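J.: the sequence and its predicted three-dimensional model are supplied below.
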Amino acid sequence: MTRSENMRRIKSKDTSIELILRKALWEKGIRYRKNCKDIFGKPDICIKKYKLAIFCDSEFWHGKDFLAGKIPKTNRKFWIEKLQNNIKRDKEVNLFLKSNGWTVLRFWEKDIRKNTEECVNKIIDTIKKLKKKKNQ
């Protein structure tokens, strides 16, 4: 299998990390919308009631590996530009959503896979704070 064939098989929604986090949230009784098209940046998970946008970011596509100095060995120019644009886009999405009253949570793939409970607790704590803020 060539690299391009492999890359074409990578999904942009309903990824394994999104499923892990969504399943854990559902078990805790938290209801949400997934891949909200009407919200800038199309968050992987959103809770409109509290204006909470949650993103599940993979280390490769969202640049954590890139910032750590891990760049694919082939077609380096393309990947550097691609990953820099992804990082820039993520920052723009965060800025736009925050300036419009949204709370943005981003979780790395590694955190979701290894510390799912911590991620869920962080989301629950954020919801509690937003609920308290909304009721004031």
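T.: Received, thanks.
J.: element containing the residue nearest the centre of the chain, please.
T.: Per C-alpha atoms, centre = their mean, the C-alpha nearest to the average position across the chain is that of residue 55, at 1.9 Å. Counting by DSSP states H and E, the element that carries residue 55 is strand 52-57.
J.: what element comes up after that strand heading to the C-terminus?
T.: Counting by DSSP H and E, what follows strand 52-57 is helix 64-67.
J.: right, and the helix or strand after that next one?
T.: helix 76-99.
J.: for that following helix, packing partners?
T.: Helices and strands touching helix 76-99, by 3 or more C-beta pairs under 8 Å, 6 or more residues apart in numbering; DSSP states H and E, are strand 52-57, helix 64-67, strand 103-108. All C-beta spots, glycine's among them, are computed from the backbone N, C-alpha and C.
J.: any low-confidence regions in the protein?
T.: With pLDDT under 70 as the threshold, the chain has no low-confidence stretch at all.
J.: apply 80 and report the result again.
T.: Applying pLDDT under 80 to the chain picks out residues 1-12, 136.
J.: on that earlier part again, nearest spatial neighbour of the residue nearest to the centre of the chain, skipping sequence neighbours?
T.: residue 106 (4.6 Å; C-beta to C-beta, 6 or more residues apart in numbering).
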